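In: Compute the structure for the input listed below.
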Amino acid sequence: MLKSLTILKEKMVDFQSYPFSLPLINRMNSMNFSNHVTFFVGENGSGKSTLLEAIAYQCGFNTAGGGRNNTYYVESSEAALGNYVRLSWYPKITTGFFMRAESFYEFATHIDHLGRYDSYGGRSLHNQSHGESFLSLFKHRFKGNGIYLLDEPEAALSPARQLSLLRIIKDLSESSQFIIATHSPILLGYPDAQIISFDSNPISQIAYEDTDHYQITRRFLENRAAVFRHLFEDSDDDMDQ
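Out: Next comes the predicted model:
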């Protein structure tokens, strides 16, 4: 299991350029993982996906998406922070997968070139709907005794299929580890998960009910008319200024 991560700031020179200018560089030195299921939450640009990608790089996974044996290239998929983190394990896990929603199409094309569909439901991922292809990956490629890094897996999943993913996580969590960057209040509701907020300073663990994802969604569902009134009236005021 991955127990901790350390940012190697002593190796960094230029803190004004990406990725060293990301908020996470100032907000953390290390991170401990206390659970088999951990979620990264935060606004776009907070660095959660970049850190997840760096973990994938240190695990030896293809940072365009895939495992150790998936060799293909996607432009702009290099792990910018990969050489500046150190992972501590107990015990070391050598199998797993890095799932990137934004480059999943390229991963599916890579699998087509290989012509190996046993681990993906027996047919091309391109011949399945977007949501079906995601679930085929989760159901058939994910096994026990692995570490699974998921970057916004909810991107193609309906609410019902997000619940299906939670069941898959539950079935594997006894022997595997999941680290997931997400904006989904459904996924974040996984029982007893560790949730790490990249918006807090310093970056730290947060309760589910304290996340913006939960609070905004709850406020919207309980009184969406008031939310719209506040949102639209504020927008009108801004336009008049």
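In: May I have whichever strand or helix holds residue 106 exported as PDB, CA atoms only?
Out: Here residue 106 sits within helix 104-114, counting by DSSP states H and E. Extracted in PDB, the C-alpha atoms of helix 104-114 (Å, rounded to 0.1, in the frame of the first residue of the first chain):
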ATOM      1  CA  PHE A 104      -9.300   7.600 -22.700                       C
ATOM      2  CA  TYR A 105     -10.100   7.800 -26.400                       C
ATOM      3  CA  GLU A 106      -6.400   7.400 -27.200                       C
ATOM      4  CA  PHE A 107      -6.100   4.500 -24.700                       C
ATOM      5  CA  ALA A 108      -9.000   2.800 -26.400                       C
ATOM      6  CA  THR A 109      -7.300   3.200 -29.800                       C
ATOM      7  CA  HIS A 110      -4.100   1.700 -28.300                       C
ATOM      8  CA  ILE A 111      -6.100  -1.400 -27.200                       C
ATOM      9  CA  ASP A 112      -7.600  -1.700 -30.700                       C
ATOM     10  CA  HIS A 113      -4.100  -1.700 -32.200                       C
ATOM     11  CA  LEU A 114      -3.200  -4.500 -29.800                       C
END
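In: What are the buried residues along it?
Out: Residues of helix 104-114 classed as buried: 104, 106, 107, 108, 110, 111 (neighbour count, 16 or more other CB atoms under 10 Å). All C-beta spots, glycine's among them, are computed from the backbone N, C-alpha and C.
In: Verify the contact between the third one and residue 61 for me.
Out: No. Taking contact to mean CB atoms under 8 Å, the distance of 11.5 Å between residue 107 and residue 61 leaves them out of contact.
In: Between these two, which contacts overlap?
Out: Shared contacts of residue 107 and residue 61 (CB atoms under 8 Å, 6 or more residues apart in numbering): residue 70.
In: hmm, back to that, let me see the mean pLDDT of the helix holding residue 106.
Out: Mean pLDDT, helix 104-114: 77.
In: Against which helices or strands is it packed?
Out: helix 130-136 (3 or more CB pairs under 8 Å, 6 or more residues apart in numbering; DSSP states H and E).
In: Quick one: residues in contact with the helix or strand that the helix it packs on is followed by.
Out: Sequence-wise, the next helix or strand downstream of helix 130-136 (DSSP H and E) is strand 147-151. Strand 147-151 is contacted from outside by 1-2, 49, 52-53, 55-56, 59, 61, 93, 95-102, 142, 172, 176-182, using CB under 8 Å, 6+ apart.
In: quick one, domains of this structure?
Out: What automatic domain parsing lists as the domains of the chain is 2-209, 211-241.
In: Need the winner for burial among those.
Out: domain 2-209 (a mean of 17; mean count of other CB atoms under 10 Å).
In: Now do that domain: distance to the chain's middle.
Out: Distance of domain 2-209 from its chain centroid, counting by CA atoms, centre = their mean, to the nearest Å, is 4 Å.
In: Contacts only, for residue 155.
Out: 101, 102 are the contacts of residue 155 under CB under 8 Å, 6+ apart.
In: measure it to residue 121 for me?
Out: Using CB to CB, to the nearest Å, we find residue 155 at a distance of 19 Å from residue 121.
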